[in-house]
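Chemist: Below: sequence and its predicted model.
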Amino acid sequence: MPKQKTERPTPASESSNGESCNEQLTAYIRSGKSGVYLTTFEEVRAEAEMLKIIPFLNSVKKNPKDKDWDFYIWSACKGITKLTMPGGGKPGKIEETENPMGMLENWMTKCPERSLMLAQDFHGFLAGDPDPVLVRKLKEALMAGKQLNKVFIICGAKFNLPIELHKEMAQVDFKLPGKEQLGVVLDAIASGSGIHLDEEERDAVLDAASGLTTSEAEDAFAMSVVKRDNICADIVATEKMQTVRKNGILEIVDTALTLDDMGGLDLYKEHLWSLRNCFSKEARDYGLPSPRPVICCGQAGTGKSMSAMACKNVFNLPLLRLEAGRLFGSLVGQSEENWRIAFGTAKAVAPAIVWVDEAEGLFSGLGSSGRTDGGTTNRVIKAILQDMQFNGDGLFFVFTSNDIDQFPDPLIDRCDVWSFELPTRKEREAIWKIHIEKRHRKAKAFDVSSLAAQTDGYSGRQIEQVFIKAMTAAFNDGPREPKDDDVERALTFFVPTSVTMSDAIERRRMRLKNRARPASSQDTEVAKGGRKLA
């Protein structure tokens with residue numbers, strides 16, 4: 001008889017090399033690896049995936065006489081408990097195993113050959129200054145496990161082991177659930193609440209839930225039912241914002257800014273607008289990859305951050321802000337773990353925009369990393385570059401920075417670099433009109449051409465502050481509507497950026513010369529601060 005085809009376990013989620021988490025686990029178990037560290041917030045889902053793996057392991061035994069695999073779970077509250085497996089096996093608890101030392105001893109002596117142990121939060125006993133006897137006991141248990149086909153799996157939210165155990169434990173990142181798994185949770189909540197979602201509504205809700213764990217998604221769906229008697233994408237997205245903020249690394253930015261809210265920058269706006277459909281299904285079917293990342297650098301107050309925020313409504317995608325300084329932690333391995341969490345969340349939310357703000361802070365210690373931080377900065381930058389190149393599909397990276405000097409060459413080579421300059425007269429007229437009308441006044445009530453001439457050398461951010469100062473004076477003098485005279489008086493309180501930062505501006509211009517594309521069309525104006533364009 002032909003050999004019957006064996007079904008592989010259903011993939012849980014994809015890893016960076018395209019291999020699902022349970023495929024990785026299966027490979028480690030079958031290869032005789034006795035220690036695995038499973039990084040996840042979802043213990044229940046991890047347990048469910050293990051229950052899928054074991055029947056597959058039993059079906060591919062090389063020797064039919066070998067016993068089937070047993071599955072045990074340990075916690076410091078309940079001790080060791082054997083789970084019932086499909087097709088037989090008696091459940092039960094091994095007494096007096098709540099202590100981690102007692103658990104390891106019983107796992108070595110009482111648990112039979114071909115057994116899996118899922119230890120919940122065991123890493124907590126190994127953090128900080130761990131008991132060296134416990135570390136030694138675990139090493140011996142892992143060595144014995146190789147001889148007896150036993151696998152010890154630590155399940156924890158982040159990788160946290162003493163250095164002595166790093167080589168003994170394989171690490172598997174249990175990725176956040178995909179839309180298929182979230183769909184199961186959504187359908188259960190909808191069915192239980194008597195709610196029917198059409199295909200378009202269902203897709204919108206699942207898009208909004210991407211990046212959540214199954215438990216978080218369930219909570220968000222339930223919250224929407226309570227608030228609206230329906231499951232609505234906007235409620236789910238709001239709940240997701242609160243959840244993502246908890247990790248303290250990524251922030252979901254909710255903004256109504258569009259390209260029309262920025263004066264000037266016509267070349268950069270044109271570039272962004274040309275990419276607006278690159279994340280559509282039609283673009284994927286056509287074979288288009290995700291757009292190249294961009295670096296927006298140049299003078300202070302010229303709209304770099306605003307342009308990053310406007311991307312949200314150009315692409316109609318979630319905008320995730322990563323402040324570079326938040327990545328670095330004081331503990332060994334914490335910085336790399338922070339990046340893994342941030343990137344894993346971004347991939348789960350994808351397609352999405354990842355805005356790395358104040359990016360110069362991320363690369364400032366790169367040159368001295370080996371001497372001052374044990375190579376942490378080098379390792380984090382390497383991880384960022386690798387993830388951007390090999391696993392960045394579905395993400396559009398935007399780096400904003402005043403200077404480009406600290407950026408590593410491999411990153412610059414992967415990005416389109418744009419130079420943001422002080423606004424020209426034409427751009428200043430546009431900026432004045434935007435800020436006047438943004439505050440519910442008519443631009444035609446002001447001599448915008450004269451104001452643009454008087455603010456030569458000012459940044460867009462300064463122009464906004466000048467008008468706010470004029471409005472404040474008019475409010476205190478009535479209140480009444482602001483006039484040109486109020487603006488002119490307000491100007492006396494400000495020194496143009498071209499003056500206060502003249503040396504830095506010239507140095508920055510020289511560094512960016514021939515290294516970046518101008519974000520604005522050039523004109524024949526000679527600006528204060530030495531900007532001569534032709």
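Modeler: Good, I have the coordinates.

Chemist: so residue 130 sits right up against residue 164, yeah?
Modeler: No - contact criterion CB atoms under 8 Å: residue 130 and residue 164 do not qualify, at 9.0 Å. Every C-beta, even on glycine, is put in place using the N, C-alpha and C of the backbone.

Chemist: Have a look at those two and say which one is more surrounded.
Modeler: residue 130 (17 against 14; other CB atoms under 10 Å).

Chemist: you'd agree the more buried one is in a strand?
Modeler: No - assessed with DSSP: H, G, I helix; E, B strand; the rest coil, residue 130 is coil; it does not lie in a strand.

Chemist: Listing request: residues of the stretch 1-150 of the chain with sub-threshold pLDDT.
Modeler: The stretch 1-150 of the chain contains residues with pLDDT under 70 at 1-19, 85-91.

Chemist: let's see it at 80
Modeler: 1-22, 62, 64, 84-92 (pLDDT under 80).

Chemist: Residue 402 - nearest residue in space that isn't next to it in sequence?
Modeler: Among residues not flanking residue 402 along the chain, residue 300 sits closest, at 5.9 Å (CB to CB, 6 or more residues apart in numbering).

Chemist: With residue 498 as the reference, measure out to the one you found.
Modeler: From residue 300 across to residue 498, the span is 11 Å (CB to CB, to the nearest Å).

Chemist: more neighbours, the two?
Modeler: Neighbour totals were compared for residue 300 and residue 498, and residue 498 leads with 21 against 17 (other CB under 10 Å).

Chemist: Please, which helix or strand holds the more buried one?
Modeler: helix 497-500 (DSSP states H and E).

Chemist: Residue 134 now?
Modeler: Per DSSP H and E: helix 132-148 holds residue 134.

Chemist: and that helix, what does it pack onto?
Modeler: helix 100-109, strand 150-156 (3 or more CB pairs under 8 Å, 6 or more residues apart in numbering; DSSP states H and E).

Chemist: need these in JSON lines with mean neighbour count and distance to residue 192, can you?
Modeler: Converted to JSON lines, the helices and strands packed on helix 132-148 look like this (neighbours: other CB atoms under 10 Å; distance: least, CB to CB, whole Å):
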{"stretch": "helix 100-109", "mean neighbour count": "18", "distance to residue 192": "37"}
{"stretch": "strand 150-156", "mean neighbour count": "25", "distance to residue 192": "28"}
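
Chemist: Tabulate the ones you listed (CSV), appending distance to residue 349.
Modeler: Formatted as CSV, the helices and strands packed on helix 132-148 follow (distance: least, CB to CB, whole Å):
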stretch, distance to residue 349
helix 100-109, 36
strand 150-156, 23
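
Chemist: how about the strands of the stretch 51-200 of the chain, start to end?
Modeler: For the stretch 51-200 of the chain, applying DSSP state E, counting those that start in this stretch gives strands covering 70-75, 79-82, 92-94, 115-120, 150-156, 170-173.

Chemist: which of those sits most buried?
Modeler: By mean neighbour count, with neighbours taken as mean count of other CB atoms under 10 Å, strand 150-156 ranks first of the strands of the stretch 51-200 of the chain at a mean of 25.

Chemist: Can you tell me which helices and strands that strand packs against?
Modeler: Strand 150-156 is packed against helix 21-30, strand 35-39, helix 43-59, strand 115-120, helix 132-148, with contacts defined by 3+ CB pairs under 8 Å, 6+ apart.
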